[in-house]
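S.K.: I would like the atomic coordinates for the input below:
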Amino acid sequence: MYKEIINKAKPELDKVLLFLRGELDKIRTSRPSVSLAEELTIDYYGVKTPLRQVAAISISGPRTITIQPWDRSVLLNIEKAILGSGMGINPAVEKDLIRITFPPLSEEYRKELMKMLNTKMEEARLTLRRWREEAWRKIQEGFRQGTIREDDKFKAKDELQKIIDEYNQKIEEMGTRKKQEIEE
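M.R.: The predicted structure is shown next:
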């Protein structure tokens, strides 16, 4: 019975890691990532549209992202969205594409990125804790109802903590990799 409760929580824990990975991809490092531009919304004929739906986005050098819209008439809208994104970068509009060159990170900006990274990691850890508490509450409820034995209750607690520790370790590994990218 307790294994069912734990198995139901695992997909939710996986979602936490997936969400964190997406959030970490959005943090700018010295290496550009297409995910930095994919989520930008542009005005596409009066409709707010994610950039990835109106343009091809690719990495064309160690510090350059190239954006090639399928419709040239939205070049200026894309440029406006990039300038208003708060990334602190200036796009270069060429014939039918936009190049975004990322300057090296300043020490002050690196510190800001580290704070942001630590905040996102802590949010993920808090979400893991909430799922652990939810699963533990269900296990205790099962014990009170008599569907889970006392021995199984304590086995479940240990197993649940072991799983949460594994997920916390994965969060830490993701954070360590991102910290290395920021420091490069």
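S.K.: Measure how far the least confident helix or strand in the chain by mean pLDDT is from the centre of its chain, please.
M.R.: Sorting the helices and strands of the chain by mean pLDDT, DSSP states H and E puts helix 35-38 at the bottom, at a mean of 76. On the basis of CA atoms, centre = their mean, to the nearest Å, helix 35-38 sits 12 Å off its chain's mean C-alpha point.
S.K.: Can you tell me what sits against that helix?
M.R.: Contacts to helix 35-38, defined as CB atoms under 8 Å, 6 or more residues apart in numbering, come from residues 22, 25-26, 28, 50-52, 57, 65, 67, 82, 87, 100. (Glycine included, C-beta is placed from N, CA and C.)
S.K.: Sketch out the low-pLDDT regions of the protein for me.
M.R.: In the predicted model of the chain, residues 30 satisfy pLDDT under 70.
S.K.: Which residue ranges of it form helices?
M.R.: Using DSSP state H, the helices of the chain run over residues 2-25, 35-38, 75-83, 107-145, 150-183.
S.K.: ok, now which ones touch the spatially most central residue of the chain?
M.R.: Geometric centre of the chain, nearest residue: Glu23, 1.8 Å, by CA atoms, centre = their mean. Shown in contact with Glu23 (CB under 8 Å, 6+ apart): Lys120.
S.K.: next one: Ser33
M.R.: By CB under 8 Å, 6+ apart, Ser33 lies in contact with Asp25, Ile59.
S.K.: Would you mind measuring from it to Glu172?
M.R.: Noted for Ser33: a distance of 21 Å to Glu172, by CB to CB, to the nearest Å.
S.K.: for Leu160, same thing?
M.R.: Separation of Leu160 from Glu172 (CB to CB): 19 Å.
S.K.: Report how many residues lie close to Met114.
M.R.: 16 (other CB atoms under 10 Å).
S.K.: then the least confident helix or strand of the chain to CSV, C-alphas only?
M.R.: Only the C-alpha atoms of helix 35-38 are listed here, as CSV (Å, rounded to 0.1, in the frame of the first residue of the first chain):
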residue,chain,number,x,y,z
SER,A,35,16.2,28.6,-24.7
LEU,A,36,17.1,32.2,-23.9
ALA,A,37,15.3,33.4,-27.0
GLU,A,38,12.6,30.7,-27.5
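S.K.: quick one: furthest residue from the center of the chain?
M.R.: Outermost residue of the chain (CA atoms, centre = their mean): Gly146, 40.6 Å.
S.K.: who's more crowded, Leu160 and Glu172?
M.R.: Neighbours per residue, other CB under 10 Å: of Leu160 and Glu172, the larger number sits with Leu160, 20 against 12.
S.K.: Now do the same contact list for that one.
M.R.: Leu160 is in contact with Ile6, Ala9, Arg132, Ala135, Trp136, Ile139, counting by CB under 8 Å, 6+ apart.
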